[in-house]
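>>> fold the stuff below for me.
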Amino acid sequence: MNTSIENSPIINKISKPMARVIRERCVGCQECVIRCPTLALSMDIVNWVAEADNELCVGCRQCERTCPFSAITVVGPLKVTPRTRMPQVKLPVEPGSIAEVRPGLASAEDAVKEAERCLNCPDPTCVLGCPAHNDIPAFIKAVRENDLERAQKALAETTCLPDVCSRVCDVASQCEGSCSWALAGGEPVAIGKLERFVTDHSPVPPSKLISDRGKGLSVGILGSGPAGIAAAWELAGTGVKVVIYEREAAAGGILKWGIPSYVLPDKVSQRPVQALQDAGVEIQTNTNVTPEMMERLLTKHDAVIVAFGAPVPEIPELPGIKLNGVMNATEFLTKAKTALAQGTPQPEFKGATVPVLVLGGSDTAIDVARSVLRLGGKPIIIHRREEKFSRARADEIIEAENEGVEFRFATNLVKLEGGNGKLEKAVIAKTHQKKPGTAPEIVKGTEQAIDTSLVVLATGYKLESRFAKLFKLPTRQPTKDSLFPDRHWVASGIFSQGSAAGNLAWEREYSLLVSLLPQRDRLWLAGDALVGPSTVVGSMAQGRLAARAFLDSKNSRR
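Modelled structure (predicted):
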């Protein structure tokens, strides 16, 4: 029987939030007082202990999370308006459709209403949860005051991809998962939707010269994905001559080929690339830089920032994996994106009765499956882990299921069969996973054969081996005992009650720290090239910091 205070019958009848200070434990450190967003806490200057004004308390429990001596308890409901109702995608999905699947907020009135839910916390955990450390309270305050230009300026301090990130970020594990309301067990402020509203209704400022601290310097950047774009943006703004070397025929990296247009419209994904070119950044496409060319580039430029991502697909070692009809996710998504953009019919899907199997449990696997739907096929996602262990975003799984994607969790591919070198059948089997950190095992006797002519592998990506060996990559965070969060992080309350969002945020923070350090003289790495497969916002933040580290190193020597 649970006899905790929060679950007692008496507490459950309380109609408003109440904070109680245990005076015997309070040492007067004022941690709670300086963090309370509603001024509900103050100091009893006679006894020098905190005291609460429950007429002002909203139940956000920041005080409870941040008190180092457990001297405060908060009971009762959260005093916050319900989250603004978000627009829903129209179903069913029409074949060939590239319409956005996640509409923005319907009106300025809805945006202001949602912005008013923000507590404007003095020590905002949402900022720690954002890999770019956007000043979230500042831009939301500007939205609340109908000043979108000021909101854009607040975002521009830390991000050059607000329109992109507001569409593709997993906000539940980042900013919104770290919102005070979320940490208190309630619905977070819709930070992602508010950022999207700003960028939908106020143009993202162009890349422009803001100082001349980089004048006379030259930097080569390998890769034009989020990390490369951010590094170039930061450098171009200080007068640095930037040359981006891109192996593909078009710039943009994962923004160009890895994210479908119905999630990230082309006009959004290509906006930052065009802005860089307008600012004078040179982009050399169809240029594949090899490890042997690194020394030449370091001679040509004052520094090189490696930001080429993790382009090599992980291919499982299975019988039949080399049959014609098996392709990797990058190859499929590139072809699918082109076909959908051009309205090109896909004869292999027309009237198809056999399903397309997508192997993997990531967001990429879902992107593939939803693209198959739009091309007229019948997708089935096969993932060896249970749904609760999947790396895919929960909201994307729901969206895909609503559209008609079939998921088979705790299931794995055993082998592929065919004739004359062509795929005809896939054998799958159920799996069992004993613990979260262990690999699932095939359950004998559960094998099942499925007729199929196409299997798409969305099983992950890795660095090109020659570069990985050259730089001893990817860089991994040391064990937790080796690197403790600093006082700013610990005191914020983001780690309260073993918060998953807090732990993830600190793990991401390590990647930001190492992006400041050169791999060798005048050579920096960022994004996937540094830490392995990463997120768009994480890669962007690392690219920006690597560029700043270079500028700091040059200016310190002048």
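>>> what's the average pLDDT for stretch 59-77?
Average pLDDT, stretch 59-77: 95.
>>> alpha carbons only: can I get that stretch in PDB?
Backbone C-alpha positions of stretch 59-77 (Å, rounded to 0.1, in the frame of the first residue of the first chain) are rendered in PDB as follows:
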ATOM      1  CA  GLY A  59       2.500  24.200  -7.500                       C
ATOM      2  CA  CYS A  60       5.400  24.100 -10.000                       C
ATOM      3  CA  ARG A  61       7.500  22.500  -7.300                       C
ATOM      4  CA  GLN A  62      10.700  24.200  -8.300                       C
ATOM      5  CA  CYS A  63      11.400  24.900  -4.600                       C
ATOM      6  CA  GLU A  64      10.900  21.200  -3.800                       C
ATOM      7  CA  ARG A  65      13.300  20.200  -6.600                       C
ATOM      8  CA  THR A  66      16.000  22.600  -5.800                       C
ATOM      9  CA  CYS A  67      16.100  22.600  -2.000                       C
ATOM     10  CA  PRO A  68      19.400  20.800  -1.000                       C
ATOM     11  CA  PHE A  69      18.000  19.800   2.400                       C
ATOM     12  CA  SER A  70      14.500  18.600   1.400                       C
ATOM     13  CA  ALA A  71      13.100  21.300   3.600                       C
ATOM     14  CA  ILE A  72      10.100  22.000   1.300                       C
ATOM     15  CA  THR A  73       7.200  19.900   0.200                       C
ATOM     16  CA  VAL A  74       4.400  20.900  -2.200                       C
ATOM     17  CA  VAL A  75       1.100  19.200  -2.400                       C
ATOM     18  CA  GLY A  76      -2.100  19.800  -4.400                       C
ATOM     19  CA  PRO A  77      -2.800  20.300  -8.100                       C
END
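>>> list the buried ones in that stretch?
Within stretch 59-77, the residues that count as buried by 16 or more other C-beta atoms under 10 Å are 59-67, 71-76. C-beta: built from backbone N, CA, C; applies to glycine.
>>> please apply the same query to stretch 548-558.
Quick answer for stretch 548-558 (16+ other C-beta under 10 Å): R548, A549, F550, L551, S553, K554.
>>> do stretch 391-406 as well
Residues of stretch 391-406 classed as buried under the neighbour-count rule (16+ other C-beta under 10 Å) are A392, R393, E396, I397, E399, A400, E403, V405.
>>> next one: stretch 182-196
Buried residues in stretch 182-196 (16+ other C-beta under 10 Å): 182-184, 186-196.
>>> now the end-to-end length of that stretch.
End-to-end distance for stretch 182-196: 20 Å, by C-alpha to C-alpha, to the nearest Å.
>>> helix or strand for C165, just tell me which one.
Using DSSP states H and E, C165 sits within helix 162-168.
>>> counting by contacts, list what that helix packs against.
helix 148-156, helix 191-201, helix 266-269, helix 536-557 (3 or more C-beta pairs under 8 Å, 6 or more residues apart in numbering; DSSP states H and E).
>>> run the chain-centre distance for that helix.
Relative to its parent chain, helix 162-168 has a centroid offset of 9 Å by C-alpha atoms, centre = their mean, to the nearest Å.
>>> contacting residues around the helix or strand following that helix?
Using DSSP H and E, the helix or strand that follows helix 162-168 towards the C-terminus is helix 180-183. By C-beta atoms under 8 Å, 6 or more residues apart in numbering, the surrounding residues in contact with helix 180-183 are 37, 60-62, 65, 78, 80, 117, 119, 121, 124-126, 176, 187-189, 493-494, 496, 499, 501.
>>> hmm, try it at 6 Å
Applying C-beta atoms under 6 Å, 6 or more residues apart in numbering, the contact partners of helix 180-183 are C60, Q62, L119, C121, P188.
>>> go on, stretch 316-327?
For stretch 316-327, contacts defined as C-beta under 6 Å, 6+ apart pick out K415, L416, E417, G418, G421, K422, L423, S453, L454, V455, V456, T459.
>>> so where does the last one fall, helix or strand?
Counting by DSSP H and E, no helix or strand carries T459.
>>> surely it and P313 touch.
No - the criterion here is C-beta atoms under 6 Å, and T459 misses it with P313 at 7.3 Å.
>>> the two: which has the busier surroundings?
Using other C-beta atoms under 10 Å, the more surrounded residue of T459 and P313 is T459, with 20 against 17.
>>> dump the residue contacts of that one.
Listed by C-beta under 6 Å, 6+ apart, the contact partners of T459 are E314, P316, L359, G360.
>>> strands - which of the residues you listed land there?
When those are checked against strands (DSSP state E), the matches are L359.
>>> ok, of the contacts of T459, which come out buried?
Using 16+ other C-beta under 10 Å as the burial test, those include L359, G360 as buried.
>>> farthest pair within the contacts of helix 180-183?
Using C-beta to C-beta, these span at most 13.8 Å, a distance reached by Q62 and P188.
>>> domain parsing for the chain?
5-75, 108-201, 218-298+464-557, 326-459 (automatic domain parsing).
>>> ok, and which of these has the densest surroundings?
The highest average neighbour count among the domains of the chain, using mean count of other C-beta atoms under 10 Å, belongs to domain 108-201 at a mean of 22.
>>> ok but A251 is inside a helix, no?
No - A251: not assigned to a helix; according to DSSP: H, G, I helix; E, B strand; the rest coil it is coil.
>>> what about it, distance to G502?
Note on A251: its distance to G502, by C-beta to C-beta, to the nearest Å, is 36 Å.
>>> for the longest strand along the chain, name the packing helices and strands.
When the chain is parsed with DSSP E, its longest strand is strand 422-432. Here strand 422-432 touches strand 411-419, strand 441-442, strand 448-451, going by 3 or more C-beta pairs under 6 Å, 6 or more residues apart in numbering; DSSP states H and E.
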